[in-house]
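Novice: take a look and give me a structure for this.
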Amino acid sequence: MKRLFLCAVLVLAAHPVWAQSPASPKDIVQRLYKPYLDDPRAERTDTPGSMDAVLAQASKSLAKAIQSEFDCQTREEGVCNVDFDILINAQDWSLKKFAIAEKSRSGGKAVVVASFDNMGPMGVRFTFIQEGGTWKIDEMEGGEPKGSKFTVGWRLTEMLEPTAE
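Specialist: From the prediction side, this is the model:
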């Protein structure tokens, strides 16, 4: 009996994925905002690195666009196309009234909206797709949620398009 128990423990330890279900789109968004919610004050100098955090959860196409932005920043030694924190839709933050809502999920796509007050009502809409059996962020849009509507101010993929030199 001890041997059977030990074998079961070793099998589960070798396959930690079995112990936890894949992250839902809402879980992924919650994790992205955790550093901001843990310390919601504005004017920090140690920003969480929202593009890095999103890159880790991005679809192949969005990851390629983000990497191009990073390459541009290295080449230009500064800002290229994005000069604000995409998760808070601003440069500074003092988040209040934070909420996350999954708006839809069907056919391998999902939409999640994070809404908050950051010196005014704001939000970020995340569009997810399934890639390789996991949820990946394929688009982000910043704007203002108004009831069931969302007024889009920017789309990440449009901002990350290469600029002509």
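Novice: and the spatially most central residue of the chain, what element?
Specialist: Centroid check for the chain by C-alpha atoms, centre = their mean gives residue 54 as the closest residue, at 4.3 Å. Following DSSP states H and E, one finds residue 54 within helix 50-55.
Novice: pull the number of nearby residues for residue 56.
Specialist: Neighbour count of residue 56, defined by other C-beta atoms under 10 Å: 13. C-beta here means a position set from N, CA and C on the backbone, and glycine is covered the same way.
Novice: ok, it - contacts?
Specialist: With C-beta atoms under 8 Å, 6 or more residues apart in numbering as the criterion, no residue contacts residue 56.
Novice: could we number from 52 for the rest of this?
Specialist: All set: I'll call the first residue 52, so the last point we hit is now residue 107.
Novice: quick one: pLDDT of it?
Specialist: Model confidence at residue 107, given as pLDDT, is 92.
Novice: residue 204 versus that one, what's the distance?
Specialist: Applying C-beta to C-beta, to the nearest Å, the value for residue 107 to residue 204 is 24 Å.
Novice: same thing with residue 181?
Specialist: In terms of C-beta to C-beta, residue 181 sits 27 Å off from residue 204.
Novice: got it, and residue 118?
Specialist: According to C-beta to C-beta, residue 118 and residue 204 sit 24 Å apart.
Novice: so residue 140 makes contact with residue 176?
Specialist: No. Judged on C-beta atoms under 8 Å, residue 140 makes no contact with residue 176 at a distance of 10.6 Å.
Novice: of these two, who's got more company?
Specialist: Legend: neighbour count by other C-beta under 10 Å for residue 140 and residue 176, higher for residue 140 (22 against 19).
Novice: sorry, back to before: for the helix holding residue 105, buried residues please.
Specialist: Buried residues in helix 101-106, counted by 16 or more other C-beta atoms under 10 Å: 101, 102, 104, 105, 106.
Novice: the last one reaches residue 114, doesn't it?
Specialist: Yes. Contact status for residue 106 versus residue 114: in contact at 5.9 Å, counting by C-beta under 8 Å.
Novice: so what's residue 104 closest to, chain neighbours aside?
Specialist: residue 83 (5.4 Å; C-beta to C-beta, 6 or more residues apart in numbering).
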